[in-house]
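Asks: requesting a structural model of the entry that follows:
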Amino acid sequence: MPDQLNDIKYVIEMAAEKAHAETSTEPEPELTQPLNWPIQCTLGPGLEGAIACESKIGYVNGTKGWLIYRGYDIFDLCANSTYEEVSYLLLQGQLPNTKELKAYKKKLIKYRPLNKTLRLLSGFPVEQMNVMGALRLGTNLMRQEFTYMDREEGRAPSVDAISSDEDSIPMETVPKGAKKATYEFKQEDPPKTKQEKQLQDACGIDACYHLISGVATITAAIARIRQGNMPIEPVPELSHAANFLYMLTGRKPTPIEERIMDISLILHADHGMNASTFAAMVVASTLSDIYFSVGSGIAALNGPLHGGANEQVVNMLKKIGNPSNVSAWLDKELKNKNKVVGFGHRVYKAYDPRARILGPLAELLVKDNHKAVSLFRIAKGLEKEVNVRLGAQKKIFPNVDFYSGIVYSCLNIPPEIFTPIFAVSRVSGWTARVLEYLQNNRIFRPRAMYTGEFNKKIMPRDQ
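Replies: A predicted model of the protein is given here:
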């Protein structure tokens with residue numbers, strides 16, 4: 001078994017070596033330095049190209065295929081760290097030492113059991129629900145159980161707000177880049193009882209730890225309930241990745257399965273100002289709380305333009321049916337101008353570094369999974385064809401979703417749980433970026449260009 005674990009580290013190191021050989025070593029100077037507000041930038045629809053804030057958490061260079069967490073290359077993190085260490089890094093700004101890691105793991109283990117939340121969740125028709133809807137509901141139930149925010153005394157005092165459309169007045173003028181919001185809610189008086197103090201504490205950094213553990217527990221429970229099974233109690237001795245797989249499948253994973261699941265979580269932990277991260281930050285900027293913010297991230301991830309592609313990749317590979325069918329199938333798709341799922345990315349114009357890692361890991365897993373061997377061979381054939389036809393010319397390469405579905409299938413994870421796993425991992429990035437933004441918060445308030453009419457008159461109803 002140690003030899004197989006070394007194999008995993010080796011394939012990651014080889015992927016890193018290949019990636020580094022294909023790119024230069026200089027970051028983008030215009031996107032990697034402190035800003036002097038106000039700034040000018042070129043915008044496209046959907047705020048494309050907008051610079052909303054500064055961040056020290058993560059950096060994506062799509063031209064070169066880089067993914068950096070807090071200064072560490074994703075290849076280095078996948079080869080030499082765990083998801084626990086990476087989530088701590090994102091939240092705290094540095095990798096934990098032995099003592100800090102032990103204390104952090106203890107916290108995550110403490111927050112894994114969600115008996116009351118799961119009892120409440122089981123009162124809903126989870127079997128009939130969209131899995132992402134059920135997951136978002138689960139985080140709301142966590143909020144109710146572990147915070148006082150749903151109580152009347154937990155509501156933000158409306159008397160302290162300037163208006164119901166906060167921050168609208170100053171945005172009618174040219175933005176000056178103030179370091180703090182023009183109008184803010186006052187700091188609430190701390191709760192007086194010990195119980196209330198514990199509830200309030202669950203809305204700070206501990207709430208982030210709580211959500212990292214809780215989203216995994218809820219996702220596993222949803223999968224079990226949908227299969228007609230009872231949720232499984234977490235095992236304190238298992239790692240975050242191993243425990244998630246155990247609660248999901250009912251079987252303790254092998255060390256290889258555990259490590260590959262762990263790496264998959266690392267790869268999805270953060271990825272710049274993507275739609276779900278931005279949604280979480282927008283909600284947090286109103287001085288709402290971390291649970292509602294994460295719920296917004298889950299809601300954004302539910303959209304097919306953001307989540308769900310890896311499930312569609314598996315369906316696509318099954319539809320192709322055989323490696324010998326790849327060329328003819330691709331001819332037809334390109335002729336009909338259809339998108340090939342799992343290829344291309346809004347950001348990356350180089351090979352997605354996450355796909356560089358997941359591809360070799362999928363190859364390791366399919367060796368012991370005869371059903372997945374065929375899918376992997378089809379995937380490799382399709383990658384080769386697309387790279388030849390579109391890679392050099394249009395910079396279209398495999399993205400993170402292309403191989404992740406095969407990896408999850410080999411780990412006996414149901415396809416409908418692929419997107420929730422994204423949330424199981426990304427919750428660390430969501431919470432880290434929310435906490436960072438709130439240190440220097442300003443409510444998000446972009447404007448729309450009005451293109452409607454003026455001077456219209458109300459006519460009598462009969463006209």
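
Asks: please make it C-alpha for all contacts and neighbour counts, starting now.
Replies: Fine.

Asks: low-confidence stretches in the stretch 201-350 of the chain?
Replies: Along the stretch 201-350 of the chain, the model assigns pLDDT under 70 to residues 201-203.

Asks: for the stretch 351-463 of the chain, same thing?
Replies: Across the stretch 351-463 of the chain, not a single residue meets the criterion (pLDDT under 70).

Asks: tell me where it has helices.
Replies: Using DSSP state H, counting those that start in this stretch, the helices of the stretch 351-463 of the chain run over residues 353-366, 370-386, 392-394, 400-410, 418-438.

Asks: same check, this time on the stretch 201-350 of the chain
Replies: 205-226, 240-249, 255-267, 275-285, 290-301, 309-320, 326-335.

Asks: out of these, nearest to residue 73?
Replies: Proximity to residue 73 (Cα to Cα) singles out helix 255-267 among the helices of the stretch 201-350 of the chain, at 10.9 Å.

Asks: export the closest one to PDB, keeping only CA atoms.
Replies: Output in PDB follows, covering the C-alpha atoms of helix 255-267 (Å, rounded to 0.1, in the frame of the first residue of the first chain):
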ATOM      1  CA  PRO A 255      -5.800   4.300   1.800                       C
ATOM      2  CA  ILE A 256      -5.700   4.900  -2.000                       C
ATOM      3  CA  GLU A 257      -9.300   5.800  -2.200                       C
ATOM      4  CA  GLU A 258      -8.900   8.100   0.900                       C
ATOM      5  CA  ARG A 259      -5.900   9.900  -0.600                       C
ATOM      6  CA  ILE A 260      -7.500  10.400  -4.000                       C
ATOM      7  CA  MET A 261     -10.700  11.800  -2.400                       C
ATOM      8  CA  ASP A 262      -8.500  14.000  -0.300                       C
ATOM      9  CA  ILE A 263      -6.700  15.400  -3.400                       C
ATOM     10  CA  SER A 264     -10.000  15.900  -5.100                       C
ATOM     11  CA  LEU A 265     -11.200  18.100  -2.200                       C
ATOM     12  CA  ILE A 266      -8.000  20.100  -2.300                       C
ATOM     13  CA  LEU A 267      -8.400  20.700  -6.000                       C
END
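
Asks: contacting residues around residue 426?
Replies: 265, 268, 269, 270 (Cα atoms under 8 Å, 6 or more residues apart in numbering).

Asks: buried among the residues you listed? Need that as a selection in PyMOL.
Replies: Selection of buried members from these for PyMOL, criterion 16 or more other Cα atoms under 10 Å:
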select buried, resi 265+268+269+270
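
Asks: and the two most separated of the contacts of residue 426?
Replies: With Cα to Cα as the measure, no two of the contacts of residue 426 lie farther apart than 265 and 270, at 9.7 Å.

Asks: mind putting the helices of the stretch 201-350 of the chain into CSV with distance to residue 425?
Replies: Listed next are the helices of the stretch 201-350 of the chain as CSV, based on distance: least, Cα to Cα, whole Å:
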stretch, distance to residue 425
helix 205-226, 8
helix 240-249, 10
helix 255-267, 5
helix 275-285, 12
helix 290-301, 11
helix 309-320, 15
helix 326-335, 32
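
Asks: which one of those helices lies nearest to residue 62?
Replies: When the helices of the stretch 201-350 of the chain are compared by Cα to Cα, helix 255-267 sits nearest residue 62, at 15.3 Å.

Asks: okay if I get the helices of the stretch 351-463 of the chain as JSON lines plus distance to residue 56?
Replies: Shown next, in JSON lines, are those (distance: least, Cα to Cα, whole Å):
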{"stretch": "helix 353-366", "distance to residue 56": "20"}
{"stretch": "helix 370-386", "distance to residue 56": "34"}
{"stretch": "helix 392-394", "distance to residue 56": "31"}
{"stretch": "helix 400-410", "distance to residue 56": "23"}
{"stretch": "helix 418-438", "distance to residue 56": "9"}
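
Asks: nearest to residue 112, out of those helices?
Replies: Comparing the helices of the stretch 351-463 of the chain by their distance to residue 112 (Cα to Cα), the top pick is helix 418-438, with 12.6 Å.

Asks: what's the local residue count around residue 447?
Replies: By other Cα atoms under 10 Å, the residues close to residue 447 number 9.

Asks: ok, it to residue 302 distance?
Replies: Distance from residue 447 to residue 302, counting by Cα to Cα, to the nearest Å: 26 Å.

Asks: repeat for residue 272
Replies: 18 Å.

Asks: could you check the pLDDT of residue 153?
Replies: pLDDT, residue 153: 55.

Asks: still on that earlier bit, which of the contacts of residue 426 sits closest to residue 88?
Replies: Each of those was scored against residue 88 by Cα to Cα, and residue 269 proved nearest at 11.0 Å.

Asks: what sits closest to the closest one if chain neighbours are left out?
Replies: The spatially closest residue to residue 269, leaving aside those adjacent along the chain, is residue 426, at 4.3 Å (Cα to Cα, 6 or more residues apart in numbering).

Asks: to residue 136, which of the helices of the stretch 351-463 of the chain lies closest?
Replies: helix 418-438 (9.9 Å).

Asks: how about the closest one: buried residues?
Replies: Quick answer for helix 418-438 (16+ other Cα under 10 Å): 418-438.

Asks: how far away is the nearest residue to residue 93 once chain neighbours are set aside from residue 433?
Replies: Once flanking residues are discounted, residue 93 sits nearest to residue 70: 6.6 Å by Cα to Cα, 6+ apart. Using Cα to Cα, residue 70 is found at 12 Å from residue 433.

Asks: which neighbours do these two have in common?
Replies: Counting by Cα under 8 Å, 6+ apart, the residues touching both residue 70 and residue 433 are residue 57.

Asks: which residues are contacting stretch 98-112?
Replies: 84, 85, 88, 209, 210, 212, 213, 214, 217, 234, 236, 240.

Asks: in contact with residue 417, which residues?
Replies: 131, 219, 223.

Asks: how about the residues you listed in a markdown table, adding distance to residue 77 and neighbour count?
Replies: Listed next are the contacts of residue 417 as a markdown table, based on distance: Cα to Cα, whole Å; neighbours: other Cα atoms under 10 Å:
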| residue | distance to residue 77 | neighbour count |
| --- | --- | --- |
| 131 | 30 | 21 |
| 219 | 25 | 24 |
| 223 | 29 | 24 |
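
Asks: okay then, goodbye and thanks.
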